[in-house]
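K.L.:
Okay, structure incoming, though there's no sequence with it:
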DNA sequence: CCAGAACATTGATGGATGTCGATATCAGAG
DNA sequence: CTCTGATATCGACATCCATCAATGTTCTGG
């Protein structure tokens, strides 16, 4: 993360116009590319999927480590990327950190990709 | 391109189930991640956008090089990635190579990201 | 057949990124 | 307060990737 660290939690939907329609500016392209790059990793896609499918649509790091087959530090790293990109929220309760999907975040990116 | 070169032109829609709904398999995650990685670059997003906005929804390399501010070989490289990922088609007429959007390709990926 | 134009491919290179192990932080139990 | 467990952060490393310059390929015109 180089670009993402410079930005606050972002909402791409608010900044970009649809992919098709008219030629995209460099700024919009960089912004949308960042959002897509956060999704473009198998581990992160599975994390999103597992969080969504988990009881109460919420999961902590310990729920994810073993099924993913990755180290705790690696899972934590991916979660940070997804939170920074605005796809997940983090809420700490006790020693545990619970992650949850941000409603509409995925749909927002999907809408930008949809033709017309 | 390491993974992509091993695969034929792909249609992610036919291979993956939606991101949310139930836990995603490793294979599906790898496949969808490849499709998203092909999009997760500013230059490639702009290429798609410019092709869609161009006259007759078609563009050749020479139409893209100058507005993108990239070398011809770089543009050609990006176009190959987009063709391999199934977002663009290439048709050569004379010395020129014309690129066109694959209908429904973007919408297919967008549908996989859309919740429910 | 030859020269030039449009594009593809190759090789090199600097920078980004996924992964791990080790360490730091921080809350709760005793 | 100290110890333990759950996470986050850091440093290191190997790999991947975007870009360019140079070269190869293929078509057109003369």
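P.N.:
Great, that's in hand. Just so it is clear, the model here is predicted, and its values are computed rather than measured.
K.L.:
Quick one: the strands in chain A, in order.
P.N.:
Under the criterion DSSP state E, strands of chain A are mapped to A:58-60, A:88-93, A:96-101.
K.L.:
Format those strands as TSV; extra columns: distance to residue B:33 and mean neighbour count.
P.N.:
To be clear about C-beta, it is placed using only N, CA and C from the backbone, and glycine gets the same treatment. TSV is the format used below for the strands of chain A (distance: least, C-beta to C-beta, whole Å; neighbours: other C-beta atoms under 10 Å in any protein chain shown):
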stretch	distance to residue B:33	mean neighbour count
strand A:58-60	20	19
strand A:88-93	17	13
strand A:96-101	18	18
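K.L.:
count of neighbours near residue A:84?
P.N.:
18 (other C-beta atoms under 10 Å in any protein chain shown).
K.L.:
and the gap between it and chain B?
P.N.:
Note on residue A:84: its distance to chain B, by C-beta to the nearest C-beta, to the nearest Å, is 15 Å.
K.L.:
need the residues of chain A near DNA strand C, please.
P.N.:
Contact residues (C-beta under 7 Å from any atom of the strand) of chain A with DNA strand C: A:1-3, A:37, A:40-43, A:69-74, A:77-78, A:81, A:92, A:94-95.
K.L.:
What subset of these is buried?
P.N.:
When the residues of chain A next to DNA strand C are checked for burial by 16 or more other C-beta atoms under 10 Å in any protein chain shown, the buried set is A:37, A:40, A:41, A:42, A:43, A:70, A:78, A:81.
K.L.:
Any chance of TSV for the residues you listed, columns distance to chain B and pLDDT?
P.N.:
Below are those laid out as TSV (distance: C-beta to the nearest C-beta, whole Å; pLDDT from 0 to 100):
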residue	distance to chain B	pLDDT
A:37	4	98
A:40	4	98
A:41	5	98
A:42	4	98
A:43	8	98
A:70	11	98
A:78	12	98
A:81	12	98
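K.L.:
State the distance from the closest residue to residue A:26 other than its chain neighbours to DNA strand C.
P.N.:
Nearest residue to residue A:26, sequence neighbours excluded (C-beta to C-beta, 6 or more residues apart in numbering or on different chains): residue B:42, at 6.6 Å. Note on residue B:42: its distance to DNA strand C, by C-beta to the nearest atom of the strand, to the nearest Å, is 11 Å.
K.L.:
Hmm, residue B:42 is touching residue A:30, no?
P.N.:
Yes - counting by C-beta atoms under 8 Å, residue B:42 touches residue A:30, with 4.7 Å between them.
K.L.:
Show me the common contact partners of these two, please.
P.N.:
Shared contacts of residue B:42 and residue A:30, defined by C-beta atoms under 8 Å, 6 or more residues apart in numbering or on different chains, are absent.
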